[in-house]
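Peer 1: return a 3D structure for these sequence lines:
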Amino acid sequence: GKDSILWKSSNLGSSYTSLHNFGNGNKVWRFEIARSNPSVLYVCATNGVYKTMDAGATWGKLTLPVSWLYYNSDLAVNPLNENEVYLCMASGAAANKVFRSINGGSSWTNITGTILNNKKVAFLQLQGGTRSGVYAITNSRPSKVYYKDTTMSDWTDFSTGLPESLQARVGALLFYRDSK
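Peer 2: Residues are numbered from 1 along each chain as shown. Prediction:
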């Protein structure tokens, strides 16, 4: 996105067309395209979280469980299920940092737990699979990485062995293989 417009390219970036304008004074912050169904997109904008199920022809604003704070927010969609969505807000209240929806954003469950309480979680990375593993990365110095899946009651610190100077200030992408 640029400013209030989400752009689309169908020729590997040679040219772009406007997919949707979210309105004056609004900015597209982050977006996620569902790998399991590319017609489903989620967008973090300055005034809320939006979803389309028809490749951008129509958009709806999702109802969130807490007041929306877009700065350093992120979305992640399960690569195997477009209805499983995770949302984080680094600027959210102490115990309102990470949320999960299993119905495409119709309802949300707070999965912040005690470990992430007061942490500035700004990035999410989902690991495909049946246990819905998700990594939460903080926007602090040094950045910390936490992990949780549906079999766990709380997050675990996954930062051991990472450089002490790690700063995930512009995004984070974890590479994992062989279910590790």
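
Peer 1: measure residue 9 to residue 68 for me?
Peer 2: 28 Å (Cβ to Cβ, to the nearest Å). Placement of C-beta: from N, CA and C, glycine included.

Peer 1: who's more crowded, the two?
Peer 2: residue 68 (18 against 11; other Cβ atoms under 10 Å).

Peer 1: let me see the contact set for the spatially closest residue to that one that is not a sequence neighbour.
Peer 2: Distances taken as Cβ to Cβ, 6 or more residues apart in numbering put residue 48 closest to residue 68, at 5.4 Å, once the chain neighbours are dropped. Neighbour list for residue 48: 61, 62, 64, 68 [criterion: Cβ atoms under 8 Å, 6 or more residues apart in numbering].

Peer 1: surely the first one meets residue 50?
Peer 2: So the one you mean is residue 61. Yes. Residue 61 lies in contact with residue 50 (Cβ atoms under 8 Å); the separation is 5.5 Å.

Peer 1: same question for the longest strand seen in the chain, mean pLDDT?
Peer 2: The strand that spans the most residues within the chain, counting by DSSP state E, is strand 81-89. Averaging pLDDT along strand 81-89 yields 94.

Peer 1: which SSE is the spatially most central residue of the chain in?
Peer 2: Nearest residue to the geometric centre of the chain (Cα atoms, centre = their mean): residue 75, 1.4 Å. For residue 75, the host element (DSSP states H and E) is strand 73-78.

Peer 1: inside strands: which ones of the contacts of residue 48?
Peer 2: residue 61.

Peer 1: which among the contacts of residue 48 count as buried?
Peer 2: The neighbour count (16 or more other Cβ atoms under 10 Å) marks 62, 64, 68 as buried among the contacts of residue 48.

Peer 1: can you tell me which of these is nearest residue 152?
Peer 2: Nearest to residue 152 among the buried ones among the contacts of residue 48, counting by Cβ to Cβ, is residue 64 at 23.9 Å.

Peer 1: who touches stretch 26-34?
Peer 2: Here stretch 26-34 has contacts from 1-6, 22, 40-47, 70-71, 73-77, 79, 82, 85, using Cβ under 8 Å, 6+ apart.

Peer 1: what do you get for stretch 147-154?
Peer 2: Taking Cβ under 8 Å, 6+ apart as the rule, stretch 147-154 contacts 111, 113-115, 127, 131-136, 155-156, 158.

Peer 1: many thanks, have a good one.
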